[in-house]
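Asks: Using only what follows, build the 3D model:
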Amino acid sequence: MTEQYHDYTRRLERLLEVCRNLSTYLDLQPFLQSIIEAASDLTLSESSLILVYEKEENALRVAAAPFYQLDALQTIAVPLDSSIAGSVYRSQQSFLYRKTARAEGKDKALDWECKAGAESLIAVPLIYQNQAVGVLEAWNKTHGNAYNEQDLLFLDTLAAQAATAYRNQHLIQESEAAYQKVLELDRMKSDFIAITSHELRTPLGHIIGHSAFLAETATAAQKEDVTIIEHSAARLKELIEEIGDVDHLTSGLGVVKRQTVSISLLLQQAVESFQELANARRIRLSLESKQANLSLEGDAEKIAIILHNLIQNALIFTNPGGVVKVTAERLPGFIKIAVLDNGIGIPQSEQENVFKRFYQVEKHLTRKHGGLGLGLSIAREMVELHGGKIWVESVESKGSRFSFILPLNAAQASAAEKVFLQ
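Replies: Residues are numbered from 1 along each chain as shown. Predicted structure coming up:
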């Protein structure tokens, strides 16, 4: 009795060891090999193997077996209708056979195992979330003993561990495949954007050049048409530049070329560049800075694009007679800039999406305003390249405030973020 107790305790400890090891194996194959070794040890069997279902073949394939058998067994597709493993897989019920050799040729379900050398065996399904994924078998109990319910219990526990490991690996592989597909689609999109923007630049250059020539020779009656051409070409040029900016950022070439930048000068230039458009739309555009000579270490070109996109966005979504105001102030560690308007505003449900690429609050079929939905996403990425933050506050029908912070230099980027978060 004492010997049986010690043997049972040893087997439980061995089982516990396998369960603990589930989280330590990074690769599936070594873990499955440890499962079959434990299965043979715990059931006192000559050998054990794990078979998994292959959908393409509608058959089982050996995934783990003793090393001296593995190469030969892996070449075999085990049929579902002429093997115990197939019966166990289909029924999701365990089977225990004490002497399979006697049944060879009499029970078709025993054919494969008998031909492979099994004289007695025990088989349990690998089940994950109520779905069979394979089978664990132990063959030929040593010393002529017969398999019993205790063997079945141990094998069931090991099968549960194997099923979890196999399914986890399968999910990882599916995720990796899906991720690679997303990367490929993203690469194709980037290639399309790059090629399209490049191919559009040449004919657009011809349009702009010829329209400038026509403007010099046009009659008074023709000037209005030429002006429409020039404005349309300028708008198309802006769209192509936006596409180019996105391609530049997504290709990994978006880096900050830091130098001393006069924020005050960039603000003045940005506001002045939109005064004509603001006047044409009867919108009052103004600049208000709490301090003079604001400057930081950053990329002047990228900061200019941020300002351009935010001011343009405010003018587009502000009705005639409205107000757009640009403000700036120096705070500890960073400069804060905001663009305020009393335009149409953004619904609360849409605000978390406005910085996504190609996102537009207006629905495609009902939208009144042009654009590709890239301006705000480009602004966000360029702010973040500087180590800054950008956000929006808006009330529908009352207006919006787009604010962003830029650290005074690279060393203060993390400090600036902490100040903002507080």
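
Asks: all contacts plus neighbour counts: C-alpha atoms, from now on.
Replies: Fine.

Asks: Quick check: the gap between Leu28 and Ala162.
Replies: From Leu28 across to Ala162, the span is 9 Å (CA to CA, to the nearest Å).

Asks: Which one's more surrounded, these two?
Replies: Ala162 (30 against 17; other CA atoms under 10 Å).

Asks: Now that that one has come up, it's in contact with Ile127, right?
Replies: No: Ala162 is not in contact with Ile127 according to CA atoms under 8 Å; the separation is 9.0 Å.

Asks: which parts of stretch 121-139 are buried?
Replies: For stretch 121-139, burial by neighbour count (16 or more other CA atoms under 10 Å) applies to 121-128, 132-139.

Asks: what about the strands in the stretch 101-250 of the chain?
Replies: For the stretch 101-250 of the chain, applying DSSP state E, counting those that start in this stretch gives strands covering 121-128, 131-141.

Asks: And the last one, what does it pack against?
Replies: Read that as strand 131-141. helix 28-43, strand 45-54, helix 84-91, strand 121-128, helix 149-217 (3 or more CA pairs under 8 Å, 6 or more residues apart in numbering; DSSP states H and E).

Asks: Go ahead and flag the most central residue of the chain.
Replies: The residue lying closest to the centre of the chain (CA atoms, centre = their mean) is Tyr179, at 6.7 Å.

Asks: And the pLDDT at that residue?
Replies: Confidence at Tyr179, expressed as pLDDT, is 89.

Asks: ok, so what distance separates it from Val261?
Replies: Counting by CA to CA - Tyr179 and Val261 are separated by 40 Å.

Asks: Please apply the same query to Leu70.
Replies: 68 Å.

Asks: the more surrounded of those two?
Replies: Applying other CA under 10 Å to Leu70 and Val261 shows that Val261 carries more neighbours, namely 18 against 14.

Asks: Am I right that that one falls within a helix?
Replies: No: applying DSSP: H, G, I helix; E, B strand; the rest coil, one finds Val261 to be strand, outside a helix.

Asks: Could you pull up the contacting residues of it?
Replies: Residues near Val261 by CA atoms under 8 Å, 6 or more residues apart in numbering: Ser295, Leu296, Glu297, Gly298, Asp299, Ala300.

Asks: What's the separation between it and Ala379?
Replies: Distance from Val261 to Ala379, by CA to CA: 17 Å.

Asks: Disregarding residues adjacent in the polypeptide, which is nearest to Ala146?
Replies: Arg98 (5.7 Å; CA to CA, 6 or more residues apart in numbering).

Asks: Pull the number of nearby residues for the one you found.
Replies: Using other CA under 10 Å, Arg98 has 18 other residues around it.

Asks: neighbours of Ile50, just the number please.
Replies: 27.

Asks: That one contacts Leu60, correct?
Replies: No: Ile50 is not in contact with Leu60 according to CA under 8 Å; the separation is 9.5 Å.

Asks: Need the overlap of contacts for the two.
Replies: Gly134.

Asks: Low-confidence stretches in the stretch 101-250 of the chain?
Replies: 101-111, 242-250 (pLDDT under 70).

Asks: can I see the domain layout of the chain?
Replies: Domain segmentation of the chain under the TED database yields 1-98+108-176, 182-235, 255-421.

Asks: Glu241 is nearest to which of these?
Replies: domain 182-235 (7.9 Å; CA to CA).

Asks: picking up where we left off before, want to throw the strands of the stretch 101-250 of the chain into TSV with distance to Glu329?
Replies: Output for the strands of the stretch 101-250 of the chain, formatted as TSV (distance: least, CA to CA, whole Å):
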stretch	distance to Glu329
strand 121-128	59
strand 131-141	62
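
Asks: Among those, which comes closest to Asp81?
Replies: Closest among the strands of the stretch 101-250 of the chain, using CA to CA: strand 131-141, at 14.2 Å.

Asks: what angle separates that closest one from strand 121-128?
Replies: Orientation check (axes from the mean of the first three to the mean of the last three CA atoms, to 10 degrees): strand 131-141 against strand 121-128 gives 160 degrees.

Asks: okay, the angle between strand 131-141 and strand 45-54?
Replies: Going by the same axes, to 10 degrees, strand 131-141 makes 160 degrees with strand 45-54.

Asks: Listing partners with orientation, what would you give for strand 131-141?
Replies: strand 45-54 (antiparallel), strand 121-128 (antiparallel) (DSSP bridges).

Asks: Show me what it is in contact with.
Replies: So strand 131-141 is contacted by 39-40, 43-53, 60, 85, 88-90, 92, 118-127, 147, 155, 159, 163, 167 (CA under 8 Å, 6+ apart).

Asks: Pull out the buried residues from those.
Replies: The buried subset of the contacts of strand 131-141 - by 16+ other CA under 10 Å - is 39-40, 43-53, 60, 85, 88-89, 92, 118-127, 147, 155, 159, 163, 167.

Asks: now Gly343, what's its secondary structure?
Replies: coil.

Asks: got a list of what the closest residue to it other than its chain neighbours touches?
Replies: Computed as CA to CA, 6+ apart, the closest residue to Gly343 that is not its neighbour in sequence is Thr318, at 3.8 Å. Contacts for Thr318 (CA under 8 Å, 6+ apart) come out as Ile283, Val324, Asp341, Asn342, Gly343, Ile344, Gly399.

Asks: Validate this expectation: Thr318 resides in a helix.
Replies: No: counting by three-state DSSP, one finds Thr318 to be coil, located in no helix.

Asks: next one: phi and psi at it?
Replies: phi -110, psi 130 (degrees, to the nearest 10).

Asks: Counting neighbours, what do you get for Pro66?
Replies: Neighbour tally, Pro66, other CA under 10 Å: 16.

Asks: Find me the pLDDT at the spatially closest residue to it that is not a sequence neighbour, would you?
Replies: Once flanking residues are discounted, Pro66 sits nearest to Ser47: 6.7 Å by CA to CA, 6+ apart. Per-residue pLDDT puts Ser47 at 88.

Asks: and if you look at Leu421?
Replies: 41.
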